[in-house]
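Enquirer: How does the following fold in three dimensions:
(2 chains)
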Amino acid sequence: MTGERFLFLLFALATCGGALGVVISQNVVRMAFSLVIALGSTSGLFFLLHADFVAATQLLIYVGGTLVLLIFGIMLTASGPYVRIKTSPADLFLAAGVGFLVLFMIVGTVMDVDWEQASIKLTGRAIAEKPIGYNELGQGNTARTIALGLIGSRPDKDLGQPAEKGLSTGYLLPFEIVSVHLLVVLIGAAYLARARRRVDSSADS
Amino acid sequence: MSAIFAASTLVDYFDGLTISPFGWEINEGWALVIAALIHVFVLVNVFALIPLFFIWLERKVSGRIQDRLGPTRVGGRFGWLQGLADGIKLIQKEDLVPKAADSMLFRVAPYIACIAVFGTFMVLPFSDGWVAVAADVGLFLLVAILSLEVLGIILAGYCSGSKWSLYGGMREAAQMVSYEIPLAICALVPIVAVGTLNLGEISRMQSGWFFSNWLIFNNPFTFIAFFVYFTVATAGCKRAPFDLAEAESELVGGFHTEYSGMRWSFFFMAEYAAMFVVSGVAAILFLGGWHTGIGWIDQAFDSLRISAAGQDGFVLSCYFANVIGMVVFVIKASLLVFVQIWVRWTLPRLRIDQVMMTCLKYLIPISCFLFLGAVLWPILLLSTLDRTTVFSEPLGEKVPRRQPVASVPAPSANQDVTHRQNSISDRPSQRVTAKPEGDDRR
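Expert: Numbering: from 1, shown residues only, chains lettered A, B, ... in the order given. Just a heads-up that it's a prediction; the model follows:
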């Protein structure tokens, strides 16, 4: 076992352990702390993959930003010293159902990937043997095509085509619309949280 | 074998090194492990010694400012062993956990604060190439890791089961969440001028006369940004006048009210090390890093480093240049820490609303304005003076200074190259043999 694989296993175990801790624990702050472990280990996995920027972003936004806000929110809103959350069986059933569905989707995707071809693609070996242009097998059947499509690039349609055909459009616009939608939801939530007090004061006067 | 002290990596040095009495050859994996252990050993010692020195300095300086002597007895005339004596006392103390506390998180919180600050030492370059992880996004990584310290403080405040601690933790959370924004924007201002996030590269760009090359004098916006950054960084280390989280006269001890012994001292190690880190970042971003700022001295040291580029093994001249560079860097950072101490014992503490107002109403708009100005400045100069900088040569002409990297070993080339190629094909996106920059990671 190489050192890199050992570290990968270590971080993967910490991620899974942290995620389990979030689900199992009932103390809100301990759940937040488990989330710290899970998200921090995820950034460790990114470091192992030499994705320094993504890893640092993960640390800065999720661990240093979101979780601090989360704990801050707990401290501000807690009525007692240590808030506990009890999950009802219905919630447990729903969450488990959704969780397992996502798990099956991920496992199915991972099984479908042609790892041999993907590693050839990544390392750049045997470039001479491959036909020029896009072929799905050469990509290793990974999700890379969808990801590229989401940022507006369609190599599966454009590569190897004559130049005068022009570039085909990806899914950048729908993707951006979804992000703007998220912003709208945030503003709406802020507005709703703010409006309640104003209604009360007008009712008094 | 490659030039170990010439800004090449320890991994390269150990890779393929033969231990003579047994005839073992170290392969790449073990070279990585050995290099990591050496880095860890050095950094842990640096991390332990820096707070020791600065706590002593704080006591001496505060004593002088208040017309006292400060520690005088332990360790000779100047009491410089006082920190060690305090440390031994703190180790002996009982490790208390209050009944109302969440005992697990109460115990863990000091380690989070301490490790977060320790993590930043990995990406902080002390001299040309003397860095454990030379990441291309070094500054971003440093800010990200440093932002984790607040998590330990907040958890400590919340999990102590005490009202004083809770107030301290809440203040710290509110303060840190808002002060991180101007900190990041102010750090971006010199980045706009220099064009890289790699801390080593930023420092390398500032070689030469201080007035024309240091980024603080690059344009009026970086000049102001230095002072804004320093203010925000002082607040980020929760130093007075921004030490609301531990305001002794209001909150007993703030977030560390319930702590004692070593766990208490971990918070202070984290605080003093964080002071050094933010001062070091200020020295790198604005004050020329490990360069002296006197043109001909810097040129002499740079030429020493460059002359070592083609040589194998230990190069004394390059090592000497790097040691001098580290001394210069540590002196610069220590002077900034001294200013932080000086400010602490001079200014009274602000109220929490004043702290928040300073940040949200003044520092964030100022830093946004500085960022905008730094972006527009080259365009303004280009349209009036027909160049992008006032004093120094343009950025594009500074870049090509050849960085001494490990020379490709000529005699054992065949064997080595095949070995490297195997390792490349195993792991994608690993280093591709003679890349000039980015090869010095780990």
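Enquirer: For chain B, what is the nearest residue in chain A?
Expert: Minimum separation of chain A from chain B (CB to the nearest CB) falls at residue A:64, amounting to 3.3 Å. No exception for glycine: its C-beta is placed from N, CA and C like everyone else's.
Enquirer: Just give the number of residues close to the spatially closest residue to that residue that is not a sequence neighbour.
Expert: Using CB to CB, 6 or more residues apart in numbering or on different chains and skipping residues adjacent in sequence, the residue nearest residue A:64 is residue B:147, 3.3 Å away. Residue B:147 has 24 neighbours, counted by other CB atoms under 10 Å in any protein chain shown.
Enquirer: can you pull the contacts of residue B:147?
Expert: A:59-60, A:63-65, A:68, B:116, B:176, B:180 (CB atoms under 8 Å, 6 or more residues apart in numbering or on different chains).
Enquirer: In terms of pLDDT, where does it sit?
Expert: Here, the pLDDT recorded for residue B:147 equals 85.
Enquirer: ditto for the one 10 residues further on
Expert: Taken from the predicted model, the pLDDT recorded for residue B:157 is 84.
Enquirer: Would you mind confirming that it is in contact with residue B:166?
Expert: Yes. Assessed by CB atoms under 8 Å, residue B:157 is found in contact with residue B:166 at 5.8 Å.
Enquirer: which residues are in contact with both of those two?
Expert: With CB under 8 Å, 6+ apart, residue B:157 and residue B:166 have common neighbours residue A:75.
Enquirer: And the two? Which one has more around it.
Expert: residue B:157 (30 against 22).
Enquirer: Quick check: that one is in a strand.
Expert: No. Secondary structure of residue B:157 (DSSP: H, G, I helix; E, B strand; the rest coil): helix, not part of a strand.
Enquirer: and the gap between it and residue B:354?
Expert: Remark: distance between residue B:157 and residue B:354 (CB to CB, to the nearest Å) = 21 Å.
Enquirer: Pick out the residue in chain B sitting closest to chain A.
Expert: residue B:147 (3.3 Å).
Enquirer: Would you map the strands across the stretch 1-150 of chain B?
Expert: B:18-19, B:24-25 (DSSP state E, counting those that start in this stretch).
Enquirer: Where does the prediction get shaky in chain A?
Expert: A:1, A:78-83, A:121-141, A:159-161, A:163, A:194-205 (pLDDT under 70).
Enquirer: Domain-wise, how is it divided?
Expert: Following automatic domain parsing, one gets these domains for chain A: A:1-88, A:173-205.
Enquirer: what's the most buried one of the ones you listed?
Expert: domain A:1-88 (a mean of 17; mean count of other CB atoms under 10 Å in any protein chain shown).
Enquirer: Could you tell me how many residues sit around residue B:217?
Expert: Residue B:217, neighbours per other CB under 10 Å, totals 21.
Enquirer: can you count the residues close to residue B:191?
Expert: 18.
Enquirer: How about the helix or strand that contains it and chain A, any contact?
Expert: Taking DSSP states H and E as the definition, residue B:191 sits inside helix B:163-194. Yes. Applying CB under 8 Å from any CB of the partner chain, one finds helix B:163-194 touching chain A at B:166, B:169-170, B:173-174, B:176-177, B:180.
Enquirer: now those as TSV including pLDDT?
Expert: What follows is those, written out as TSV (pLDDT from 0 to 100):
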residue	pLDDT
B:166	83
B:169	83
B:170	83
B:173	81
B:174	82
B:176	82
B:177	79
B:180	84
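Enquirer: which two in those residues are spaced the farthest apart?
Expert: B:166 and B:180 (21.5 Å; CB to CB).
Enquirer: Name the nearest residue to residue A:20, ignoring sequence neighbours.
Expert: According to CB to CB, 6+ apart, the nearest residue to residue A:20 is residue A:34 (7.8 Å).
Enquirer: tell me which element that neighbour falls in.
Expert: helix A:28-48.
Enquirer: pull the CA atoms of the following helix or strand past that helix into PDB?
Expert: Moving toward the C-terminus from helix A:28-48, the next helix or strand (DSSP H and E) is helix A:52-57. C-alpha atoms of helix A:52-57 as PDB (Å, rounded to 0.1, in the frame of the first residue of the first chain):
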ATOM      1  CA  ASP A  52      -5.100  22.800  -4.000                       C
ATOM      2  CA  PHE A  53      -7.500  25.600  -5.000                       C
ATOM      3  CA  VAL A  54     -10.600  23.500  -4.600                       C
ATOM      4  CA  ALA A  55      -9.300  22.200  -1.300                       C
ATOM      5  CA  ALA A  56      -8.600  25.700   0.000                       C
ATOM      6  CA  THR A  57     -12.000  26.900  -1.200                       C
END
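Enquirer: now for the next helix or strand after helix A:52-57, which elements pack on it?
Expert: Going down the chain from helix A:52-57, the next helix or strand is helix A:67-77, by DSSP H and E. In this structure, helix A:67-77 packs against helix A:28-48, helix B:149-159, helix B:163-194, with contacts taken as 3 or more CB pairs under 8 Å, 6 or more residues apart in numbering or on different chains; DSSP states H and E.
Enquirer: Which one of those lies nearest to residue B:215?
Expert: Nearest of these (CB to CB): helix B:163-194, 4.3 Å.
Enquirer: quick one, the closest one and helix A:67-77 angle?
Expert: Between helix B:163-194 and helix A:67-77, the angle comes out at 150 degrees (axes from the mean of the first three to the mean of the last three CA atoms, to 10 degrees).
Enquirer: Return the distance of the residue nearest to residue B:53 when sequence neighbours are not counted relative to residue B:264.
Expert: Excluding the flanking residues, the one nearest residue B:53 by CB to CB, 6+ apart is residue B:83, at 7.4 Å. Per CB to CB, residue B:83 is found 14 Å from residue B:264.
Enquirer: Noted, bye for now.
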